[in-house]
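**Student:** Fold the stuff below for me.
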Amino acid sequence: MGRFLRKLRERRERRRIGNQEEAQRAFEEEKPDAMRKDVRMISGCEDKQTSADVSNVHSFQLPDPAGRAGGACTSTLLRILYKDETIPEDTLSFTQVLEKMREDLAEQGYTQIPQLTANNPIDVEADFDLVPSTATGTRRAVMIGINYIGDDPGELRGCHNDVLNMKKYIMEVHGFEEDNIVVLMDDGEHDPPTRDNILAAYEKVVADSEAGDAIFLHYSGHGTKLRDDDGDEDDGYDEALVPRDYNEAGMIRDDDLYDILIKPLADGVHMVSLMDCCHSGTVLDLPYIFKADGGATPNVMHLDDTIDLDGLIQQFGGHAIGFLKNFLEQQG
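**Tutor:** Down below sits the predicted model:
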(Lines give C-alpha, C1' and ligand atoms only; values in the text may rest on other atoms or scores of the structure.)
Protein backbone atom coordinates (compact mmCIF):
# COMPACT_ATOMS: atom_id res chain seq x y z
CA MET A 1 0.00 0.00 0.00
CA GLY A 2 1.30 3.48 -0.88
CA ARG A 3 2.56 5.71 1.94
CA PHE A 4 -0.01 8.38 1.09
CA LEU A 5 -3.01 6.11 1.66
CA ARG A 6 -1.45 4.63 4.82
CA LYS A 7 -1.13 8.09 6.32
CA LEU A 8 -4.60 8.97 5.14
CA ARG A 9 -6.17 5.92 6.77
CA GLU A 10 -4.36 6.53 10.03
CA ARG A 11 -5.76 10.07 10.07
CA ARG A 12 -9.23 8.76 9.26
CA GLU A 13 -9.30 6.63 12.39
CA ARG A 14 -8.04 9.40 14.67
CA ARG A 15 -9.93 12.36 13.22
CA ARG A 16 -12.68 10.74 11.14
CA ILE A 17 -11.25 11.91 7.87
CA GLY A 18 -13.93 10.45 5.65
CA ASN A 19 -13.81 7.97 2.79
CA GLN A 20 -12.16 7.31 -0.55
CA GLU A 21 -14.20 10.05 -2.23
CA GLU A 22 -12.84 12.63 0.21
CA ALA A 23 -9.31 11.40 -0.41
CA GLN A 24 -9.85 11.78 -4.15
CA ARG A 25 -11.21 15.29 -3.75
CA ALA A 26 -8.19 16.27 -1.69
CA PHE A 27 -5.82 14.64 -4.16
CA GLU A 28 -7.44 16.41 -7.11
CA GLU A 29 -7.36 19.75 -5.34
CA GLU A 30 -3.69 19.51 -4.50
CA LYS A 31 -2.04 17.62 -7.35
CA PRO A 32 0.02 19.84 -9.67
CA ASP A 33 -1.13 20.70 -13.19
CA ALA A 34 1.72 18.62 -14.61
CA MET A 35 -0.07 15.52 -13.29
CA ARG A 36 -3.33 16.31 -15.10
CA LYS A 37 -2.24 15.03 -18.51
CA ASP A 38 -4.96 13.10 -20.37
CA VAL A 39 -3.44 9.63 -20.18
CA ARG A 40 -5.23 6.28 -19.93
CA MET A 41 -3.99 2.71 -20.04
CA ILE A 42 -5.71 -0.61 -20.63
CA SER A 43 -3.72 -3.56 -19.35
CA GLY A 44 -4.15 -7.29 -19.12
CA CYS A 45 -2.07 -8.45 -16.18
CA GLU A 46 -2.01 -12.11 -15.23
CA ASP A 47 -2.79 -11.77 -11.57
CA LYS A 48 -1.49 -15.20 -10.56
CA GLN A 49 1.82 -15.15 -12.41
CA THR A 50 4.82 -15.08 -10.11
CA SER A 51 6.93 -11.99 -10.55
CA ALA A 52 10.57 -12.42 -11.42
CA ASP A 53 12.77 -11.46 -8.46
CA VAL A 54 15.54 -9.83 -10.43
CA SER A 55 18.32 -7.79 -8.88
CA ASN A 56 20.78 -8.20 -11.76
CA VAL A 57 19.25 -7.81 -15.22
CA HIS A 58 22.05 -9.85 -16.75
CA SER A 59 20.71 -12.90 -14.93
CA PHE A 60 17.16 -12.42 -16.22
CA GLN A 61 15.56 -15.29 -18.12
CA LEU A 62 12.34 -14.99 -20.07
CA PRO A 63 9.47 -16.92 -18.50
CA ASP A 64 8.20 -20.06 -20.17
CA PRO A 65 4.90 -19.20 -21.90
CA ALA A 66 3.93 -22.89 -21.72
CA GLY A 67 3.11 -23.00 -25.40
CA ARG A 68 0.55 -20.21 -25.23
CA ALA A 69 0.48 -17.40 -27.72
CA GLY A 70 1.16 -13.91 -26.49
CA GLY A 71 -1.35 -11.12 -26.65
CA ALA A 72 -4.49 -12.59 -25.12
CA CYS A 73 -5.57 -9.12 -24.03
CA THR A 74 -5.24 -7.61 -27.51
CA SER A 75 -7.05 -10.38 -29.35
CA THR A 76 -9.83 -10.40 -26.77
CA LEU A 77 -10.32 -6.63 -27.01
CA LEU A 78 -10.50 -6.84 -30.78
CA ARG A 79 -13.10 -9.61 -30.61
CA ILE A 80 -15.27 -7.21 -28.61
CA LEU A 81 -14.66 -4.04 -30.58
CA TYR A 82 -14.12 -5.39 -34.10
CA LYS A 83 -15.32 -8.98 -34.43
CA ASP A 84 -15.36 -10.07 -38.08
CA GLU A 85 -14.13 -6.53 -38.84
CA THR A 86 -17.50 -5.14 -37.78
CA ILE A 87 -18.19 -2.46 -35.19
CA PRO A 88 -20.83 -3.46 -32.60
CA GLU A 89 -24.25 -1.94 -33.23
CA ASP A 90 -24.71 -1.00 -29.59
CA THR A 91 -22.27 1.27 -27.83
CA LEU A 92 -20.41 -0.23 -24.89
CA SER A 93 -19.21 1.48 -21.73
CA PHE A 94 -15.70 1.12 -20.33
CA THR A 95 -17.14 -1.22 -17.70
CA GLN A 96 -18.87 -3.39 -20.29
CA VAL A 97 -15.78 -3.65 -22.49
CA LEU A 98 -13.50 -4.66 -19.61
CA GLU A 99 -16.02 -7.09 -18.12
CA LYS A 100 -16.53 -8.71 -21.52
CA MET A 101 -12.75 -9.02 -21.80
CA ARG A 102 -12.56 -10.71 -18.41
CA GLU A 103 -15.32 -13.17 -19.30
CA ASP A 104 -13.74 -13.98 -22.67
CA LEU A 105 -10.31 -14.51 -21.12
CA ALA A 106 -11.78 -16.77 -18.43
CA GLU A 107 -13.47 -18.91 -21.09
CA GLN A 108 -10.05 -19.36 -22.70
CA GLY A 109 -8.52 -20.46 -19.39
CA TYR A 110 -6.69 -17.23 -18.58
CA THR A 111 -6.64 -15.74 -15.09
CA GLN A 112 -6.10 -12.17 -16.23
CA ILE A 113 -8.17 -9.34 -14.78
CA PRO A 114 -8.24 -6.45 -17.27
CA GLN A 115 -7.96 -3.01 -15.77
CA LEU A 116 -8.13 0.62 -16.74
CA THR A 117 -5.81 3.17 -15.17
CA ALA A 118 -5.74 6.91 -15.71
CA ASN A 119 -4.10 10.14 -14.67
CA ASN A 120 -7.54 11.61 -13.94
CA PRO A 121 -10.71 9.86 -12.75
CA ILE A 122 -13.10 9.06 -15.59
CA ASP A 123 -16.66 7.80 -15.65
CA VAL A 124 -16.33 4.09 -16.42
CA GLU A 125 -20.04 3.91 -17.24
CA ALA A 126 -19.51 6.36 -20.11
CA ASP A 127 -19.14 5.11 -23.69
CA PHE A 128 -15.81 3.42 -24.37
CA ASP A 129 -13.63 5.49 -26.66
CA LEU A 130 -10.14 4.93 -27.93
CA VAL A 131 -10.02 8.42 -29.38
CA PRO A 132 -12.43 11.02 -27.94
CA SER A 133 -14.35 13.44 -30.13
CA THR A 134 -12.29 16.30 -28.69
CA ALA A 135 -9.12 14.90 -30.32
CA THR A 136 -9.55 16.56 -33.70
CA GLY A 137 -5.86 16.85 -34.61
CA THR A 138 -3.32 14.35 -35.88
CA ARG A 139 -3.57 10.75 -34.70
CA ARG A 140 -0.25 9.00 -34.11
CA ALA A 141 0.61 5.49 -32.94
CA VAL A 142 3.60 3.46 -31.81
CA MET A 143 2.96 -0.28 -32.01
CA ILE A 144 5.40 -2.87 -30.68
CA GLY A 145 5.18 -6.64 -31.08
CA ILE A 146 7.93 -8.92 -29.79
CA ASN A 147 7.83 -12.71 -30.24
CA TYR A 148 11.43 -13.23 -29.02
CA ILE A 149 11.99 -15.57 -31.92
CA GLY A 150 14.54 -18.29 -31.13
CA ASP A 151 14.50 -17.77 -27.36
CA ASP A 152 14.03 -20.92 -25.31
CA PRO A 153 12.27 -20.46 -22.99
CA GLY A 154 10.37 -17.31 -23.70
CA GLU A 155 9.36 -17.37 -27.38
CA LEU A 156 5.85 -16.04 -27.98
CA ARG A 157 3.64 -16.65 -31.01
CA GLY A 158 0.90 -14.05 -31.21
CA CYS A 159 2.45 -10.64 -30.73
CA HIS A 160 3.11 -9.85 -34.39
CA ASN A 161 -0.44 -10.72 -35.36
CA ASP A 162 -1.77 -8.60 -32.51
CA VAL A 163 0.05 -5.53 -33.76
CA LEU A 164 -1.05 -6.02 -37.36
CA ASN A 165 -4.67 -6.65 -36.38
CA MET A 166 -4.75 -3.67 -34.02
CA LYS A 167 -3.12 -1.50 -36.65
CA LYS A 168 -5.88 -2.40 -39.12
CA TYR A 169 -8.50 -1.57 -36.49
CA ILE A 170 -7.16 1.89 -35.62
CA MET A 171 -6.73 2.78 -39.29
CA GLU A 172 -10.14 1.64 -40.48
CA VAL A 173 -12.19 2.60 -37.43
CA HIS A 174 -10.35 5.54 -35.89
CA GLY A 175 -8.76 7.19 -38.91
CA PHE A 176 -5.07 6.71 -38.12
CA GLU A 177 -2.91 7.11 -41.22
CA GLU A 178 -0.05 4.85 -42.25
CA ASP A 179 2.50 7.67 -42.23
CA ASN A 180 1.74 8.40 -38.58
CA ILE A 181 2.11 4.82 -37.33
CA VAL A 182 5.47 3.43 -36.20
CA VAL A 183 5.67 -0.37 -36.04
CA LEU A 184 8.54 -2.19 -34.32
CA MET A 185 8.60 -6.00 -34.59
CA ASP A 186 11.21 -8.75 -34.53
CA ASP A 187 9.99 -10.21 -37.80
CA GLY A 188 12.90 -9.23 -40.04
CA GLU A 189 10.69 -6.83 -42.01
CA HIS A 190 10.09 -3.94 -39.62
CA ASP A 191 12.56 -2.00 -37.52
CA PRO A 192 13.52 -4.22 -34.58
CA PRO A 193 12.05 -3.51 -31.12
CA THR A 194 15.37 -2.84 -29.44
CA ARG A 195 15.52 -0.76 -26.29
CA ASP A 196 16.94 2.25 -28.15
CA ASN A 197 14.36 2.00 -30.95
CA ILE A 198 11.44 1.74 -28.52
CA LEU A 199 12.57 4.71 -26.45
CA ALA A 200 13.30 6.78 -29.57
CA ALA A 201 9.84 6.05 -31.00
CA TYR A 202 8.19 7.01 -27.71
CA GLU A 203 10.20 10.21 -27.45
CA LYS A 204 9.36 11.22 -31.02
CA VAL A 205 5.61 10.59 -30.82
CA VAL A 206 5.39 12.75 -27.68
CA ALA A 207 7.59 15.50 -29.13
CA ASP A 208 5.58 15.62 -32.38
CA SER A 209 2.17 15.86 -30.70
CA GLU A 210 0.37 19.04 -29.67
CA ALA A 211 -2.98 20.01 -28.19
CA GLY A 212 -5.86 18.29 -29.97
CA ASP A 213 -3.76 15.33 -31.14
CA ALA A 214 -4.23 11.71 -30.10
CA ILE A 215 -1.58 9.08 -29.34
CA PHE A 216 -2.16 5.34 -29.25
CA LEU A 217 0.56 3.10 -27.82
CA HIS A 218 0.39 -0.68 -28.17
CA TYR A 219 2.86 -3.11 -26.63
CA SER A 220 2.54 -6.88 -26.98
CA GLY A 221 5.40 -8.88 -25.51
CA HIS A 222 6.96 -9.83 -22.19
CA GLY A 223 6.82 -7.72 -19.06
CA THR A 224 8.58 -8.27 -15.76
CA LYS A 225 9.47 -6.80 -12.39
CA LEU A 226 12.92 -5.61 -11.36
CA ARG A 227 14.30 -4.63 -8.00
CA ASP A 228 13.61 -0.91 -7.53
CA ASP A 229 16.89 0.97 -7.96
CA ASP A 230 15.90 4.42 -6.67
CA GLY A 231 13.52 3.82 -3.77
CA ASP A 232 10.37 5.22 -5.41
CA GLU A 233 8.38 1.97 -5.43
CA ASP A 234 6.43 1.11 -2.29
CA ASP A 235 6.59 -2.64 -3.02
CA GLY A 236 10.33 -2.53 -3.79
CA TYR A 237 9.92 -3.36 -7.49
CA ASP A 238 9.85 -1.51 -10.79
CA GLU A 239 7.54 -2.83 -13.50
CA ALA A 240 9.39 -3.14 -16.81
CA LEU A 241 9.00 -3.91 -20.50
CA VAL A 242 11.36 -6.45 -22.06
CA PRO A 243 12.85 -5.22 -25.37
CA ARG A 244 14.28 -7.68 -27.87
CA ASP A 245 17.87 -6.91 -26.86
CA TYR A 246 17.23 -7.06 -23.11
CA ASN A 247 20.34 -9.16 -22.52
CA GLU A 248 22.63 -6.48 -23.89
CA ALA A 249 20.68 -3.24 -23.34
CA GLY A 250 18.55 -4.02 -20.29
CA MET A 251 14.87 -3.45 -19.56
CA ILE A 252 12.65 -0.41 -19.88
CA ARG A 253 11.54 0.48 -16.37
CA ASP A 254 8.32 2.22 -15.44
CA ASP A 255 10.41 5.22 -14.35
CA ASP A 256 11.79 5.46 -17.90
CA LEU A 257 8.31 5.33 -19.39
CA TYR A 258 7.00 8.00 -17.04
CA ASP A 259 9.88 10.35 -17.82
CA ILE A 260 9.54 9.86 -21.58
CA LEU A 261 5.79 9.54 -22.09
CA ILE A 262 4.02 11.39 -19.29
CA LYS A 263 6.19 14.24 -18.08
CA PRO A 264 6.88 15.92 -21.46
CA LEU A 265 3.40 15.27 -22.92
CA ALA A 266 1.84 18.53 -24.11
CA ASP A 267 -1.37 19.70 -22.48
CA GLY A 268 -4.42 18.80 -24.54
CA VAL A 269 -2.92 15.63 -26.06
CA HIS A 270 -4.99 12.48 -25.50
CA MET A 271 -2.93 9.32 -24.92
CA VAL A 272 -4.20 5.75 -24.66
CA SER A 273 -1.86 2.85 -24.06
CA LEU A 274 -2.69 -0.84 -24.46
CA MET A 275 -0.12 -2.85 -22.53
CA ASP A 276 -0.50 -6.53 -23.31
CA CYS A 277 2.12 -8.08 -21.06
CA CYS A 278 2.55 -9.49 -17.58
CA HIS A 279 3.11 -7.11 -14.67
CA SER A 280 1.70 -4.23 -16.69
CA GLY A 281 -0.91 -2.95 -14.26
CA THR A 282 1.12 -0.02 -12.95
CA VAL A 283 3.78 0.26 -15.62
CA LEU A 284 2.80 3.88 -16.35
CA ASP A 285 2.31 4.75 -12.65
CA LEU A 286 -1.15 6.27 -13.19
CA PRO A 287 -2.93 7.04 -9.90
CA TYR A 288 -6.52 5.98 -10.70
CA ILE A 289 -7.65 2.43 -11.35
CA PHE A 290 -10.72 0.38 -12.28
CA LYS A 291 -10.58 -3.42 -12.33
CA ALA A 292 -12.99 -5.64 -14.21
CA ASP A 293 -13.36 -8.07 -11.31
CA GLY A 294 -16.92 -9.19 -11.83
CA GLY A 295 -18.46 -6.71 -9.43
CA ALA A 296 -16.16 -7.44 -6.49
CA THR A 297 -15.47 -3.69 -6.33
CA PRO A 298 -17.74 -0.77 -7.32
CA ASN A 299 -17.82 0.34 -10.94
CA VAL A 300 -15.90 3.54 -10.30
CA MET A 301 -12.29 4.59 -10.56
CA HIS A 302 -10.44 5.02 -7.28
CA LEU A 303 -6.97 5.91 -6.11
CA ASP A 304 -4.69 2.93 -6.57
CA ASP A 305 -3.41 1.90 -3.14
CA THR A 306 -0.52 0.01 -4.74
CA ILE A 307 0.93 3.24 -6.13
CA ASP A 308 3.38 5.30 -4.07
CA LEU A 309 1.56 8.60 -4.47
CA ASP A 310 4.25 10.41 -2.51
CA GLY A 311 6.88 9.23 -4.97
CA LEU A 312 4.63 9.97 -7.92
CA ILE A 313 4.07 13.58 -6.92
CA GLN A 314 7.72 13.93 -5.96
CA GLN A 315 8.68 13.34 -9.59
CA PHE A 316 7.36 16.86 -10.23
CA GLY A 317 9.71 18.56 -7.79
CA GLY A 318 8.64 20.04 -4.46
CA HIS A 319 4.97 19.22 -4.83
CA ALA A 320 5.11 15.98 -2.83
CA ILE A 321 6.06 17.43 0.54
CA GLY A 322 3.71 20.37 0.04
CA PHE A 323 0.76 18.15 -0.87
CA LEU A 324 1.11 15.77 2.06
CA LYS A 325 1.88 18.51 4.55
CA ASN A 326 -1.05 20.71 3.48
CA PHE A 327 -3.50 17.84 3.22
CA LEU A 328 -2.66 16.33 6.59
CA GLU A 329 -2.66 19.73 8.29
CA GLN A 330 -6.11 20.49 6.85
CA GLN A 331 -7.42 17.26 8.38
CA GLY A 332 -5.79 18.07 11.73
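**Student:** Next, Leu226: secondary structure please.
**Tutor:** What DSSP: H, G, I helix; E, B strand; the rest coil gives for Leu226 is strand.
**Student:** typo on my end, it should be Val163
**Tutor:** helix.
**Student:** That one and Glu203: what is the separation?
**Tutor:** 20 Å (CB to CB, to the nearest Å). C-beta: built from backbone N, CA, C; applies to glycine.
**Student:** Which of these two has more residues huddled nearby?
**Tutor:** Val163 (28 against 14; other CB atoms under 10 Å).
**Student:** wait, is Asp238 part of a strand?
**Tutor:** Yes. Per three-state DSSP, Asp238 lies within a strand segment.
**Student:** Wait, it touches Ile252, no?
**Tutor:** No. Between Asp238 and Ile252 there is no contact under CB atoms under 8 Å: 9.8 Å.
**Student:** neighbour count winner among the two?
**Tutor:** Neighbour tally, Asp238 and Ile252, criterion other CB under 10 Å: the higher count belongs to Asp238, 26 against 23.
**Student:** For the more buried one, give me the pLDDT.
**Tutor:** The model reports Asp238 with a pLDDT of 77.
**Student:** just Glu28 next, same as before
**Tutor:** 82.
**Student:** So it: helix, strand or coil?
**Tutor:** helix.
**Student:** Okay, it and Asp293: tell me how far apart.
**Tutor:** 24 Å.
**Student:** just Asn180 next, same as before
**Tutor:** Taking CB to CB, one finds Asn180 at 36 Å from Asp293.
**Student:** Looking at those two, which one has more neighbours?
**Tutor:** Using other CB under 10 Å, the more surrounded residue of Asn180 and Asp293 is Asn180, with 17 against 14.
**Student:** my read: the more buried one touches Gly137, true?
**Tutor:** No. At 10.8 Å, Asn180 does not count as touching Gly137 under the criterion of CB under 8 Å.
**Student:** Just the helices from this structure, written as ranges.
**Tutor:** 3-15, 20-30, 72-81, 94-107, 159-174, 195-208, 246-249, 254-257, 309-314, 319-331 (DSSP state H).
**Student:** ranking those helices by mean pLDDT, which is last?
**Tutor:** helix 319-331 (a mean of 43).
**Student:** Hmm, Val242 is touching Gly250, no?
**Tutor:** No. In this structure Val242 lies outside contact range of Gly250 using CB under 8 Å: 9.7 Å.
**Student:** Neighbour count: the two, which is higher?
**Tutor:** Val242 (27 against 17).
**Student:** For the more buried one, which non-adjacent residue is closest in space?
**Tutor:** Nearest non-adjacent residue to Val242, counting by CB to CB, 6 or more residues apart in numbering: His222, 4.0 Å away.
**Student:** Just read off the phi/psi values of the one you found.
**Tutor:** Main-chain dihedrals, His222, degrees, to the nearest 10: phi -90, psi 150.
**Student:** Count the residues that sit near Gly154.
**Tutor:** 16.
**Student:** How about residues contacting stretch 157-172?
**Tutor:** 68-72, 74-75, 78, 81-82, 85, 130, 139, 141, 143-147, 176-178, 181, 183, 185, 187, 216, 218, 220-221, 274, 276 (CB atoms under 8 Å, 6 or more residues apart in numbering).
**Student:** what's the answer for stretch 188-206, then?
**Tutor:** Contacts for stretch 188-206 (CB under 8 Å, 6+ apart): 140-142, 144-146, 182-186, 215, 217, 221, 241, 243-246, 249-252, 256-257, 260-261, 264-266, 269.
**Student:** For PyMOL, write the select line for the buried members of the residues you listed.
**Tutor:** Applying 16 or more other CB atoms under 10 Å to the contacts of stretch 188-206 leaves a buried subset, and the PyMOL line that selects it is:
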select buried, resi 140+141+142+144+145+146+182+183+184+185+186+215+217+221+241+243+244+245+246+250+251+252+256+257+260+261+265+269
